[in-house]
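[1] dropping a prediction and its sequence here:
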Amino acid sequence: MNSRVVRAACPHDCPDTCAMLVTVTDGKATEVRGDPDHPNTAGVLCTKVSRYVERTYHPDRLLYPMKRVGRKGEGKFKRIGWDEALATVASRLQEIAGYDARAILPYSYAGTMGMVQGESMAMRFFNRLGASHLDRTICSTAGGTGYKYTIGAKIGTDTEQYENAKLIVIWGGNPIASNLHFWMKAQEAKRRGAILIAIDPYRSLTAAKCQHHIALLPGTDAALALGLMHVLVRDGLLDHDYIERYTLGFERLKTRVAEWAPQRTADTCGIPAGQVEMLARLYGEMAVRGEPAAIRLSYGVQRVRGGGMAARNIACLPALVGAWRHPAGGVLLSSGESYPKQTAQMERPDLEPADTARPARTINMSTIGDDLLRPTSTDFGPKVEAVVVYNSNPVAVAPESAKVAQAFAREDLFTVVLEHFQTDTVDYADIVLPATTQLEHTDVHASYGHQYIVANNPAIAPLGEAKPNTEIFRLLAARMGFSEACFADTDDEIAAQAFDAGHPRARQFDWPQVKERGWMRLDMPDAPFARGGFPTPSGKCEFYSEQMQRAGLDPLPAYTPPYESVASAPELAKDYPLAMISPPQRNFLNTTFVNVQSLRATEGEPHLDLHPEDAAARGIADGDMVRVFNQRGEMLAKARVSDAPRQGLVVALSIWWKKLASDGRNANELTSQRLTDMGRAPTFYDVLVQVEKAQPS
């Protein structure tokens, strides 16, 4: 028996980016575990990724190229060879590109977060082709944009420092389900006496374990932050020295937040005014005493109309009280821009044809339902005639799902999907190309939750005829006659290009060494903004932003109400009086892992959590099947009646494959294609619905 251990990285859309050890026995992966020496992973993997061997060897893995033989959406295919598959794809793309390559659209996101298998060779291919650009904004650009207007870059408190904090505010997230290793640090801080406060409309697994839970109305986080700033200014809970040295626009901010007294804030947020006072005092008094107070800002706050401003407002708080002075103070939304990535070298935008008669166009991935149904027009450009999907499952994950399915059902839309399994999107494909999993290819990873570069070595040979994304696009480039030298780069050569080794933060980056060791830490300061140095135009934390003013936005922190709420849309609320959010299911990661039997068995079926008073008003009992609906669509789910959601809120933990739900639908039937105030991001948690007991079928 021949056994070895291979260093790898978790590829999934999670801030933890775990360093993994894969045991391989006689050529087969037998175990995946966390690297005990990696300071963030600390030998622990989440329940999902610990089942990665089960996923890799799943009996439903796609192992051979296929072409459609039934109607779109039926999911009927027959096996073909790679030669036929590549010839078919290349021929059709060449035909379309012959009159306007902008009619070709790549659609991808974070099915892998790897810098090699993600967008490197794929974007070289689409840039060289001259295809439409995809606005990849479906997750985090609203909050990222607001945060960057204030802080300057997606840089923040080091996750490893949170265990030293005395107060941790977990704002808009459920880290037990989606940021486990941060939660381990928070739990250690709690054992040392720290106070943990959760801000979330839903009493999640995380909120239930915090000393305080503030259950505000969805989409009102920006107002709460304004109310906290009001109390901090009113009561003098400020670090005046830090404000004077390292911030811009404080006097204007004072005038703005004077409008947000605790009672107004409480009325807007649907919470007691005492909670506003309590949180502001705890945060301000602790920070001003020099005790580390930290905020972990997550993505739940930004998936509403005013999501960008919400993140901006929250990002102002640490500078007001001087929390940045301490390594365990401050705020973290993402650490993604700590890494000196060489994106242009990886993706080669310089390959794009310069054609003034056909200017480049960008299509937003969250409006794909509408955009795939648009005809050719002067303002839109050519109708989309081909979509190449990789690292994503848009038929399940994009908003207003019925329109997305209708669009992908177009018989004249040539659709190619690179995948591991026959997802909802694969059912609409013309050509299916089998892709390798993380255990079968080379990659290198940054993180948006810690400060380590992590290497992924292939542990096993590709199963069946599966190929890495990079190899598939290399082969297509060759078929299309693309002769540029970059299309011959190996995966190791691409990985070596990923980070700027001349940058002070990554000067130790040497791909062969990192590949052998498994990971390396960036050279980041313990407290990145202890003495200012914000990467904003002014070099300061900008309470007042001239960039925002030039972009047509309010340059000061403000509150933008949701598109859909009882307060902001009273006529709509007459028919659909319940707010709905659809945060991550603990055992799924977006739509990844939904088809892993051991994980799906734990979840059972789609559920809808609703408050006892809302249930009673509708004659709904725990365990009843209910119909959830609005003007866009409907879905069925099993009711779970509890006080975990606040009254007036229902929660549909997500994201289910539609085909694995009893009615073939998921929560995105109900979400809209409207975008956020900034960052062009989706509004998944800005939804009104009605719920009724389902009629027996």
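    Received the coordinates, thanks.
[2] from Ser654, how far out is Glu400?
    Separation of Glu400 from Ser654 (Cβ to Cβ, to the nearest Å) stands at 15 Å. Yep, even glycine has a C-beta here, placed from its N, CA and C like the rest.
[3] again, but for Ala131
    As for Ala131, its distance to Ser654 is 30 Å (criterion: Cβ to Cβ).
[4] what's the answer for Thr591, then?
    In terms of Cβ to Cβ, Thr591 sits 9 Å off from Ser654.
[5] neighbour count winner among the two?
    Thr591 (25 against 22; other Cβ atoms under 10 Å).
[6] which stretches of the stretch 1-150 of the chain form strands?
    3-9, 19-25, 28-34, 66-68, 77-79, 104-108, 133-135 (DSSP state E, counting those that start in this stretch).
[7] pick the most buried one from these.
    A comparison of the strands of the stretch 1-150 of the chain by mean neighbour count, using mean count of other Cβ atoms under 10 Å, puts strand 104-108 on top with a mean of 24.
[8] for that one, packing partners?
    Judged by 3 or more Cβ pairs under 8 Å, 6 or more residues apart in numbering; DSSP states H and E, strand 104-108 is in contact with helix 82-100, helix 120-129, strand 133-135, strand 386-390.
[9] of all those, which one is nearest Val6?
    Nearest to Val6 among the helices and strands packed on strand 104-108 is helix 120-129; the distance by Cβ to Cβ comes to 21.7 Å.
[10] lowest-scoring secondary structure element of the protein by mean pLDDT?
    Lowest on mean pLDDT, DSSP states H and E among the helices and strands of the chain sits helix 597-603, with a mean of 82.
[11] show residues contacting the helix or strand following it.
    Using DSSP states H and E, the next helix or strand after helix 597-603 towards the C-terminus is strand 607-610. The contact list for strand 607-610, computed with Cβ atoms under 8 Å, 6 or more residues apart in numbering, reads 202, 578, 620, 626, 628, 637-642, 644-645, 649-653, 691.
[12] buried ones in the following helix or strand past strand 607-610?
    Counting by DSSP H and E, the next helix or strand C-terminal to strand 607-610 is helix 612-617. Residues 614-615 are the ones in helix 612-617 that count as buried (16 or more other Cβ atoms under 10 Å).
[13] and helix 612-617, what does it pack onto?
    Helix 612-617 sits against strand 634-641, with contacts defined as 3+ Cβ pairs under 8 Å, 6+ apart.
[14] show me what the strand it packs on is packed against.
    strand 607-610, helix 612-617, strand 625-629.
[15] elements contacting the last one?
    Right, strand 625-629. Partner elements for strand 625-629 (3+ Cβ pairs under 8 Å, 6+ apart): strand 607-610, strand 634-641, strand 687-693.
[16] quick one: mean pLDDT for the first one?
    Averaged over strand 607-610, pLDDT sits at 97.
[17] direction included, what does that strand pair against?
    Applying DSSP bridges, strand 607-610 is found paired with strand 634-641 (parallel), strand 649-651 (antiparallel).
[18] among the ones you listed, which is the most enclosed?
    Mean neighbour counts for the strands paired with strand 607-610 (mean count of other Cβ under 10 Å) peak at strand 649-651, with a mean of 24.
[19] please state the offset of that strand from the chain centre?
    Relative to its chain's centre, strand 649-651 lies at 21 Å (Cα atoms, centre = their mean, to the nearest Å).
[20] same thing with stretch 70-79?
    Remark: stretch 70-79 is offset 30 Å from the chain centroid, using Cα atoms, centre = their mean.
[21] quick one: terminal-to-terminal distance for stretch 175-195?
    One end of stretch 175-195 to the other measures 16 Å (Cα to Cα, to the nearest Å).
[22] sorry, slip of the keys, the one I care about is stretch 401-414.
    With Cα to Cα, one end of stretch 401-414 sits 19 Å from the other.
[23] buried residues in that stretch?
    Quick answer for stretch 401-414 (16+ other Cβ under 10 Å): 401, 403-405, 407-410, 413-414.
[24] distance of the residue lying closest to Gly249 once chain neighbours are set aside from Ile295?
    Excluding the flanking residues, the one nearest Gly249 by Cβ to Cβ, 6 or more residues apart in numbering is Tyr544, at 2.6 Å. In this view, Tyr544 and Ile295 are 21 Å apart by Cβ to Cβ.
[25] compare those two (neighbour count), which wins?
    Neighbours were counted for Tyr544 and for Ile295 using other Cβ under 10 Å; Ile295 has more, 27 against 18.
[26] dump the strands paired with strand 607-610 into JSON lines; add distance to Tyr299 as well.
    JSON lines is the format used below for the strands paired with strand 607-610 (distance: least, Cβ to Cβ, whole Å):
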{"stretch": "strand 634-641", "distance to Tyr299": "22"}
{"stretch": "strand 649-651", "distance to Tyr299": "16"}
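[27] which of the ones you listed sits closest to Ala222?
    Of all these, strand 649-651 comes closest under Cβ to Cβ, at 18.0 Å.
[28] tell me the mean pLDDT for the closest one?
    On average, strand 649-651 scores 98.
[29] residues making contact with it?
    Contacts for strand 649-651 (Cβ under 8 Å, 6+ apart): 201-202, 217-218, 578-583, 608-611, 614, 628, 644-645, 689, 691.
[30] what do you get for stretch 511-524?
    Outside stretch 511-524, the residues that reach it (Cβ under 8 Å, 6+ apart) are 7-9, 19, 35, 38-39, 158, 338-339, 444, 451-455, 457, 492, 495-496, 498, 504-509.
[31] again, 6 Å this time
    Here stretch 511-524 makes contact (Cβ atoms under 6 Å, 6 or more residues apart in numbering) with 7, 19, 38, 338, 451-455, 495-496, 505, 508.
[32] sorry, back to before: so the residue nearest to Gly249: helix, strand or coil?
    Tyr544 carries the three-state label coil when classified by DSSP: H, G, I helix; E, B strand; the rest coil.
[33] need the distance between the two termini of stretch 667-677.
    Terminal residues of stretch 667-677 are spaced 23 Å apart (Cα to Cα).
[34] quick one on the thing from earlier: Phe684: which of the buried residues of stretch 401-414 is nearest?
    Among the buried residues of stretch 401-414, and counting by Cβ to Cβ, the member closest to Phe684 is Ser401, at 11.4 Å.
[35] quick check: that closest one vs Phe126, distance?
    Ser401 is 25 Å from Phe126, by Cβ to Cβ.
[36] same question for Tyr283.
    46 Å.
[37] cool, Val596 as well?
    In terms of Cβ to Cβ, Val596 sits 31 Å off from Phe126.
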